[in-house]
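In: mind looking at a prediction? Sequence and model below.
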Amino acid sequence: MKILVINCGSSSLKYQLMDMSDESVLCSGAVERIGMKIFGGEENVIVKKDGKKYTYDKELADHTAAFNEVKYVLSESEYKVIDSFDEIDAIGHRVVQGGDKYSKSVLVTDKVEADIEELAPLAPLHNPANLQGYRACKEVVGDKVPQVVVFDTAFHSTMPPKAYMFAVPYEYYEKYGVRRYGFHGTSHKFVSHRVADRIGKPIEELKIITCHLGNGSSIAAIENGKVVDTSMGFTPLDGFMMGTRSGGVDPSVVTFIEKKLGISPDEMDTILNKQSGVAAVSGVSSDDRDICAAQEAGNERAILAHEMQAYQIAKFIGSYVAAMNGVDAIVFTGGIGENGVWLRSKVCSYLGYLGVQINEELNAATQKGAEAELTNENDSVRVFILATNEELSIARDTAEIVKSL
């Protein structure tokens, strides 16, 4: 079975074609700058095949044109890996927000499509783009190829009301769906099952804390295979500080700054999402590599940004240990989780009360994409670095649904 995974942004389309017989990646890549003018040197079509990367430029008016280009790359171009699109058994899409409506991945129907559109106000930067990707695929392949949507929020749907409700008037939940949803669900699901495999116990017998750390970051508490709490909330802005996002702040700060600067809610939203976080505190960058370099050079604000970030992550871990009355494993994943040597070390330095004492040499030597256990297998709390694979998680869900058709 061959599954094509699509992940659409507002001006981009990422793809990955997988052979599910051995879960190998036949080809992957992206189409960027969709609907934009392409200037000299801007190679916006990316193809990765057999360990090599190829790029070229092509102006593409919309997501339908972009998907047609993917179709051409995979089945007609010099990089082709299939002879015809008829070889593709299904297409799996990432959709950020499924609200209260969807607790699992589903085959796309007219109702599902309408629901994704209805939920767009809860994820205005993501759901419309995700929907564009589905519609672009449908315009090209019609009904010949089944399409599945995998929701970021679905894995978190097991949270109890005490964890997902906010202490605001209850009618806001009833009328507008104001509650904690959680995001990065496909990543948290993948690495939690992966760590259970590494430990050699059923996930139903474990208490796991997964830390997906990147430009956007979230932490989840997973007890017996079910999420009991997670750091992101109504939107991906909540939780702890990220690359350009503030994370949780006193709500009065929002109204105070709006009044002080005379700005609109939309302008405040931009500040909190795009002009805050590590970038704002450090004054350097949102890229952790830049923060590490500035920290090593003695930049005090970069040091502060990193210290704040590690401190906040450790506090979330501690709160989730309390929520589950213990923890068996802590996992670091995502771009920073897999690369952030200093951050992993600093976070773990707060966890001595759990008996955590990591192997610092192994921590320093582990590179992105590699797996490592930083503790010993007989320790009461084990710490792992695991590479996430959201595309594989999407492909697995898609294959499972299509098999039952």
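Out: Received, thanks.

In: which of the three states applies to G41?
Out: Per DSSP: H, G, I helix; E, B strand; the rest coil, the local secondary structure of G41 is coil.

In: do a quick rundown of the strands in the stretch 301-405 of the chain.
Out: Here the stretch 301-405 of the chain has its strands, by DSSP state E, counting those that start in this stretch, at 329-333, 372-373, 382-385.

In: now do the shortest one: which elements does it pack against?
Out: In terms of contacts (3 or more Cβ pairs under 8 Å, 6 or more residues apart in numbering; DSSP states H and E), strand 372-373 is packed against strand 382-385. No exception for glycine: its C-beta is placed from N, CA and C like everyone else's.

In: grab the nearest non-local neighbour of I303.
Out: Using Cβ to Cβ, 6 or more residues apart in numbering and skipping residues adjacent in sequence, the residue nearest I303 is Q295, 5.2 Å away.

In: tell me which of the strands of the stretch 301-405 of the chain is the most buried.
Out: strand 329-333 (a mean of 26; mean count of other Cβ atoms under 10 Å).

In: sheet-wise, list the partners of that strand with their directions.
Out: When sheet partners are counted by DSSP bridges, strand 329-333 sits next to strand 207-212 (parallel), strand 382-385 (parallel).

In: which one, of these, ends up nearest to I394?
Out: Closest of the strands paired with strand 329-333 to I394 is strand 207-212, at 15.3 Å (criterion: Cβ to Cβ).

In: distance from the closest one to the middle of the chain?
Out: 14 Å (Cα atoms, centre = their mean, to the nearest Å).

In: what about it, average pLDDT?
Out: For strand 207-212, mean pLDDT is 98.

In: look up the pLDDT of the residue most central in space within the chain for me, please.
Out: Closest residue to the average C-alpha location of the chain: H184 at 3.7 Å, with Cα atoms, centre = their mean. What the model reports for H184 is a pLDDT of 93.

In: got the contact list for it?
Out: 152, 212, 216, 218, 220, 232, 334 (Cβ atoms under 8 Å, 6 or more residues apart in numbering).

In: how much space is there between the third one and D238?
Out: Note on G216: its distance to D238, by Cβ to Cβ, to the nearest Å, is 11 Å.

In: output the strands of the stretch 301-405 of the chain as TSV; include the columns mean pLDDT and distance to A61.
Out: Formatted as TSV, the strands of the stretch 301-405 of the chain follow (pLDDT from 0 to 100; distance: least, Cβ to Cβ, whole Å):
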stretch	mean pLDDT	distance to A61
strand 329-333	98	36
strand 372-373	98	45
strand 382-385	98	42
